[in-house]
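here is my input; please provide its structure:
(chains A, B, C, D and E)
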Amino acid sequence: MALTDRVKQILSWYSSDNPGTQTNLVRLLNHGALAGTGKLVILPVDQGFEHGPVRSFAPNPEANDPDYHFQLAIDAGCNAYAAPLGFLEAGAAKFAGQIPLILKLNNSDSLGKPEHPISAITGSVEDALRLGCVGIGYTIYPGSGARNQMYEDLRELTIEAKRKGLVVIVWSYARGSMSKAGETGIDVIAYASHIAAELGAHVVKVKPPTAHIEQDEARKMYEKHNIPIATLPDRIRHVIQSTFNGKRVVIFSGGEAKGADAVLAEVRELAQGGSFGSIMGRNAFQRPRAEGLELLQNVIRIYKDASSAKPAR
Amino acid sequence: MALTDRVKQILSWYSSDNPGTQTNLVRLLNHGALAGTGKLVILPVDQGFEHGPVRSFAPNPEANDPDYHFQLAIDAGCNAYAAPLGFLEAGAAKFAGQIPLILKLNNSDSLGKPEHPISAITGSVEDALRLGCVGIGYTIYPGSGARNQMYEDLRELTIEAKRKGLVVIVWSYARGSMSKAGETGIDVIAYASHIAAELGAHVVKVKPPTAHIEQDEARKMYEKHNIPIATLPDRIRHVIQSTFNGKRVVIFSGGEAKGADAVLAEVRELAQGGSFGSIMGRNAFQRPRAEGLELLQNVIRIYKDASSAKPAR
Amino acid sequence: MALTDRVKQILSWYSSDNPGTQTNLVRLLNHGALAGTGKLVILPVDQGFEHGPVRSFAPNPEANDPDYHFQLAIDAGCNAYAAPLGFLEAGAAKFAGQIPLILKLNNSDSLGKPEHPISAITGSVEDALRLGCVGIGYTIYPGSGARNQMYEDLRELTIEAKRKGLVVIVWSYARGSMSKAGETGIDVIAYASHIAAELGAHVVKVKPPTAHIEQDEARKMYEKHNIPIATLPDRIRHVIQSTFNGKRVVIFSGGEAKGADAVLAEVRELAQGGSFGSIMGRNAFQRPRAEGLELLQNVIRIYKDASSAKPAR
Amino acid sequence: MALTDRVKQILSWYSSDNPGTQTNLVRLLNHGALAGTGKLVILPVDQGFEHGPVRSFAPNPEANDPDYHFQLAIDAGCNAYAAPLGFLEAGAAKFAGQIPLILKLNNSDSLGKPEHPISAITGSVEDALRLGCVGIGYTIYPGSGARNQMYEDLRELTIEAKRKGLVVIVWSYARGSMSKAGETGIDVIAYASHIAAELGAHVVKVKPPTAHIEQDEARKMYEKHNIPIATLPDRIRHVIQSTFNGKRVVIFSGGEAKGADAVLAEVRELAQGGSFGSIMGRNAFQRPRAEGLELLQNVIRIYKDASSAKPAR
Amino acid sequence: MALTDRVKQILSWYSSDNPGTQTNLVRLLNHGALAGTGKLVILPVDQGFEHGPVRSFAPNPEANDPDYHFQLAIDAGCNAYAAPLGFLEAGAAKFAGQIPLILKLNNSDSLGKPEHPISAITGSVEDALRLGCVGIGYTIYPGSGARNQMYEDLRELTIEAKRKGLVVIVWSYARGSMSKAGETGIDVIAYASHIAAELGAHVVKVKPPTAHIEQDEARKMYEKHNIPIATLPDRIRHVIQSTFNGKRVVIFSGGEAKGADAVLAEVRELAQGGSFGSIMGRNAFQRPRAEGLELLQNVIRIYKDASSAKPAR
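Residues are numbered from 1 along each chain as shown, chains lettered A, B, ... in the order given. Next up is the predicted model:
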């Protein structure tokens, strides 16, 4: 399809990237029900690795099957499907060309705990290319005592990915030297999102922020400059501003499984704050297929409405 | 031999692999007494390294000879023989082409203990290729404080093995941050098997699980969703479902040496639960040759019967 | 423009460098309002990464936008603009050829703290080349328990940068095994500057030194040889002498945000002591654009006057 | 010279190696007074590095000279001379082609102690090739907390050495997590020898074992199966059986300097137990040259007699 | 100039080296006032890095200038000038071809202390080649808990340097697990010098030894064999004998700054003991130029007299 003005605008922020990466950005933005809107809904399925199969798939045992998720993402009209190596390998040939794929390059299980929070690198750029992916995914934990290793591993993967025309999506989840509430505090989420962008991410994924402020030095600034952070839309706007003033794509996760109404209410607020989209896993695949499909389609509809309601920035 | 429908079906799960790896998968599945059935019995001999020669071979001193194991695997009709570098090097030329070989790429001895459970890498993909192997074997210990190093070393070996058309077999033994009972608990075995598959293993090897549940979060799921785990066949079915819904080959180890009847009784339950096969070392070579041979052949017969009894999935 | 005598003299100190690096040194020295004077004013913007976006950009929210800083550096007549990967990538194509760029290759955030002070490497020489930069920037912390890693990482980056014709700028900030006052003590600053030059830096950046002396062995020397360090100009002269007797370009940072008059008073003293220039971030971009621009232009004027007032050395 | 039946038999155990390595094995087996017998006496001189020059060479100061050892090995009719990089470099050109050389690739000094027992790598396969060596030597310490690093470093060196046609000789000395007596206990020596062979060594070098048993699990086996370990010849036979049933060359060290009669008495027992040979350093060079020469020649005579007394296995 | 018999003799000890390295050895031995004598006086200037600029250069501020040392070495008739990367880069082009250069490849500052004594690698073989050096310098600290890392880093640098025809000079300073007196004890110095030679050094640099003996095992040997170590010349002879019986070039450092007469008295004893030369930094450049020059020339004269007084060994 031809590029919409909004997609052209988004591409203009990535003008330093090579045509290969720009092509894969277009593939991501021009696929599925949100094609051309500049909005994105991505299905990520790394919970089997992160929490174990029974905690992930017992509520909907069909989801043990790797094919299930490819088909769900296709049928729902998602922009992309993201998963670790094994899950993608199991279906990449069968579903080749039907849905943009993102290879999650690092993962952590819940059986053991390394000294500092850090995921293991479990895939490579070469794997992403041979499986036909449009991009790679990588999780950083700002605040971890092992952050330098994560940033430096990401640097290596990012250089190679950009050289080979892939898109880089960074999951940025602060943890380690902060309170539990701090992990989703507005100052921390805004900072984590900014770091991911400075590290060269094309797309940043963070959690929806709360009104909690973790760092005293930051609190002074919010108060002194009266920065609005009372509502979720306020906070989303602040996070997006903090991430290169809106010139990087920032999307938000859905968090733990909850009722469909709660999910949709939250997504409406994300969209209202200007979120570029959502990445939604457990809420989609831990329901019976029909319900999960409907939920994803409703989420997509919210972003679609948001994109037509407000003119491109 | 021509491919049976069952072998074709198994191959279809690995359609993202290159023809080289698919060829070696066929070599593995189409060799020996179980050729074409989709079932596998493998002879592994790394106990000399892991426990020392006297503990491994005193009951049957002939087994000190590396040739012994090649011949035993051939005569019993096994699908493959797996061993560390030295043992394979000692016979690879003499027995070339007579039995598929798997090079065990990491090993641990019982003389010293590293800080966290982790095996040393003792061979390479290049070694596997020059010795004519169909695949590589690698052991991970999910739950170990050194798991990231193991997963990342495996990642490097896996990329190279797949690039060069080899099959990747992962021994997945949880240990470290859990109770002794937890190491073979049903939740842990299912999780360990899933992790191996996510890391890109073509074949996963785990221990037969007990009904113990290690993690509270998992227990809630087993209870809430009434997942049957009372009998060994139940648990085998659960492990296989947890490993990509049966779309990855999962085999089970025989464990410590015991009476032939006990071995066969356990194997019958494994087969009943849908196990793809067994990997049996000490029970085979710590007996006089005639007895070991007979035991292996009886194990093979059980899987053969199981494969014809029930139609391919 | 043709080379002035002063620029020729400066180039003569770098005669071991290849023509590529000499070309980029000329690009740096011959750009902006100070072109040809041998003086430099550089705009650095890594505070978003180092302190977080709200602490950096709340006073002047326009500065969240990566384009803002390119334009500010161009309009003020700076010699160069320095920033981490993300900020440079966001504007390098749009502003290509309008301002010399320096890619900051390592950075540290304020969310977590590694065991010893050390920044993560967040970019590469390859990135600097593909973005059209004239040089790379790297921060060392002499005194840190991790100094060997930093010096060795810098060595690798420096070899590659020089091979490929880039300029190497080293931020040298002592910290770790010393008092807080010691970090800016005259002996420590002079030593930190000398180390950077010995490590192969073309341009060294340190903080303005105080009259504090940290090391007893050094104090004996200052006293025995009556080295003048009472005034800031005295100390600047001493730092420059300690850095290859003035045969390496040494510039000074502006430090925390403060009143414009205080900034200019300090810069006058730096210039009086023979500083090659200033690197000024927060004082420039944490003001409304017009004020920031004016301040930078006033700083540039001070160096311009200093360069014409005193004959080239 | 033409190959004897015994040498042909030994070569048959290494049939997986390339012709380059087989050629160097022949060079080793067909040199000196024991040529063609399948027995080996090697002169190793790394004591200067391991214990310091005065402790090594004060009893016979001529031995400070690197040429001394080349000439001693040649004149005594040894199969090879083994030493660290410096000692080999000093004479490799002068004595080129007169004696097979083995480059000792790792060494440890007695001035400092790393946290866990581990030698430093002090040479490379490239060095061995440029100096005309037939093989490389490497020391592992099974039982050390650093064993994984040693095994993995050895793996890298072994791959390269075999690719380039060299012979790999492994010194296997258990230490670390065991009693002092355990380091030479029969179970530990047999295990250490087996590990070296599994790691891919062509030739294994261990110390003569005592009747001590270190591990309880092993003791049970010795008792249950009535394995004879009362005399040194018994134990040598057991070690050789434990090392691939005699299909790897295992040689024994001479240990600390002692009287010539004691040395010869021990060697007679080694030979009686079927040892493939001896590696004898301090006992050879810490005597006046004439005495050292005579001792080595007497050791060689014992092995020569042993090889003709008993038919090839 | 044609080779003298003495230089030919020295070269014969390095006959395993390639013609490139032999050429650079000749360049070193045939330069300056001692050309052809087989004696060496080298000017090293790494004190700015090691102790800081004010402690190094305050007594003679001209010495802040990198050009100063090139000119001093040339005018004094030294065989070579050795310094870290920055100091060599600053003058290598200007003084190209006028004095053999040695690039010091690792250095340590006095601001921070790593856990174990170890210098950072601050230059490369590639740097040495592009700057026209005849060799590389590297410092090891035998006795340090980090010795394996140092020996292994040196191994890598040495392989590359020898492949590319450079000379390898090793500064061997024991420290760490020993008494302060032990660092210069005769047994330790002899051992440290031997280790450097075993690691492949062409030229070894140690401190003049005292009569202190650090290790009990060594003391027994000195006493049992009546090794003369009472006078400095005795000890120098012992160190040289311990270093391949005089077949490696061993030179001695001058140590801390002291009176010219004390310096010359010590050098006379070094020469009397058969030292191959001296390496003298602080005593040369911490004096006014005329005095430093005179001192170096007097040192050179002592070695010149020593070389003609006694026939080549």
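
is it true that A:A82 lies in a strand?
Yes - assessed by DSSP: H, G, I helix; E, B strand; the rest coil, A:A82 belongs to a strand.

where's the closest residue to A:H51 other than its chain neighbours, which helix or strand?
Excluding the flanking residues, the one nearest A:H51 by Cβ to Cβ, 6 or more residues apart in numbering or on different chains is A:S110, at 5.5 Å. To be clear about C-beta, it is placed using only N, CA and C from the backbone, and glycine gets the same treatment. A:S110 belongs to no helix or strand when elements are defined using DSSP states H and E.

then stretch A:292-305 to PDB, C-alphas only?
C-alpha atoms of stretch A:292-305 as PDB (Å, rounded to 0.1, in the frame of the first residue of the first chain):
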ATOM      1  CA  GLY A 292      -9.000 -13.200  23.000                       C
ATOM      2  CA  LEU A 293      -9.600 -12.400  19.400                       C
ATOM      3  CA  GLU A 294     -12.500 -10.100  20.200                       C
ATOM      4  CA  LEU A 295     -10.400  -8.300  22.800                       C
ATOM      5  CA  LEU A 296      -7.500  -7.700  20.400                       C
ATOM      6  CA  GLN A 297      -9.900  -6.400  17.800                       C
ATOM      7  CA  ASN A 298     -11.500  -4.000  20.300                       C
ATOM      8  CA  VAL A 299      -8.100  -2.700  21.300                       C
ATOM      9  CA  ILE A 300      -7.200  -2.200  17.600                       C
ATOM     10  CA  ARG A 301     -10.500  -0.400  17.100                       C
ATOM     11  CA  ILE A 302      -9.700   2.100  19.900                       C
ATOM     12  CA  TYR A 303      -6.400   2.900  18.300                       C
ATOM     13  CA  LYS A 304      -8.000   3.200  14.900                       C
ATOM     14  CA  ASP A 305     -10.500   5.700  16.200                       C
END
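
ok, for A:T158, nearest residue in space, not its chain neighbours?
A:G200 (4.8 Å).

which ones are touching that neighbour?
A:155, A:158, A:162, A:168, C:85-86, C:89, C:122-123, C:127 (Cβ atoms under 8 Å, 6 or more residues apart in numbering or on different chains).

next one: A:A181
Counting by Cβ under 8 Å, 6+ apart, A:A181 touches A:210, A:212, A:214.

can you rerun that using 7 Å?
A:H212 (Cβ atoms under 7 Å, 6 or more residues apart in numbering or on different chains).

against C:I213, how distant is it?
A:A181 sits 45 Å away from C:I213 when distances are taken as Cβ to Cβ, to the nearest Å.

count the neighbours of the residue in the stretch 151-300 of chain A positioned nearest to chain D for me.
Closest contact between the stretch 151-300 of chain A and chain D, by Cβ to the nearest Cβ, is at A:D153 (20.4 Å). Applying other Cβ atoms under 10 Å in any protein chain shown, we find 20 other residues in the vicinity of A:D153.

now the helix or strand harbouring it and helix C:147-163, what's the angle there?
Assigned by DSSP H and E, A:D153 falls within helix A:147-163. Interaxial angle, helix A:147-163 versus helix C:147-163 (axes from the mean of the first three to the mean of the last three Cα atoms, to 10 degrees): 20 degrees.

helix or strand right after helix A:147-163?
Assigned by DSSP H and E, the successor of helix A:147-163 is strand A:167-172.

and that following strand, what does it pack onto?
The contact analysis (3 or more Cβ pairs under 7 Å, 6 or more residues apart in numbering or on different chains; DSSP states H and E) places strand A:167-172 against helix A:19-29, strand A:135-140, helix A:147-163, helix A:186-198, strand A:203-206.

among these, which is the most enclosed?
Burial of those is given as mean neighbour count (mean count of other Cβ atoms under 10 Å in any protein chain shown); helix A:186-198 ranks first at a mean of 29.

so it, near chain C or not?
Yes - using Cβ under 7 Å from any Cβ of the partner chain, helix A:186-198 comes into contact with chain C via A:187-188, A:190-191, A:194-195, A:197-198.

chain A against chain B: which residues are in contact?
Selection of chain A residues close to chain B by Cβ under 7 Å from any Cβ yields A:48-49, A:52-55, A:58-59, A:61, A:64-66, A:84-87, A:89-90, A:92-94, A:109, A:111-115, A:118, A:120-124, A:126-127, A:131.

just the mean pLDDT for stretch A:267-284, thanks.
Computed over stretch A:267-284, the mean pLDDT rounds to 97.

mind listing residues that contact that stretch?
If you take Cβ under 7 Å, 6+ apart as the criterion, stretch A:267-284 is touched by A:38-45, A:47, A:72, A:205, A:208, A:232-237, A:240, A:249-254, A:256-258, A:263, A:292, A:295-296, A:299, A:302-303, A:306.

what's near enough to touch the closest residue to A:A192 other than its chain neighbours?
For A:A192, ignoring the flanking residues on the chain, the nearest one in space by Cβ to Cβ, 6+ apart is A:S172 at 4.2 Å. A:S172 sits next to A:140, A:142, A:192-193, A:195-196, A:204-206 when contact means Cβ under 7 Å, 6+ apart.

please redo it, this time with the cut-off set to 8 Å
Shown in contact with A:S172 (Cβ under 8 Å, 6+ apart): A:139-140, A:142, A:192-193, A:195-196, A:201, A:204-206.

A:H31 too?
In this structure, A:H31 makes contact with A:79-80, A:99-100, judged by Cβ under 8 Å, 6+ apart.

filter the residues of chain A next to chain B down to just the ones in strands.
Judged by DSSP state E, strands contain the following of the residues of chain A next to chain B: A:120-121.

low-confidence ranges in the stretch 201-313 of chain A?
Residue ranges of the stretch 201-313 of chain A with pLDDT under 70: A:255-257, A:310-313.

which single residue of it ends up nearest chain E?
Residue nearest to chain E within the stretch 201-313 of chain A (Cβ to the nearest Cβ): A:E217, separated by 27.0 Å.

got the buried residues for the helix or strand containing that residue?
Per DSSP H and E: A:E217 is located in helix A:216-224. For helix A:216-224, a neighbour-count test (16 or more other Cβ atoms under 10 Å in any protein chain shown) marks A:218, A:221-222 as buried.

can you select the buried ones from the contacts of stretch A:267-284 in PyMOL?
Of these, the buried ones go into a single PyMOL selection, burial set by 16+ other Cβ under 10 Å:
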select buried, chain A and resi 38+39+40+41+42+43+44+45+47+72+205+208+232+233+234+235+236+237+240+249+250+251+252+253+254+257+263+292+295+296+299+302+303+306
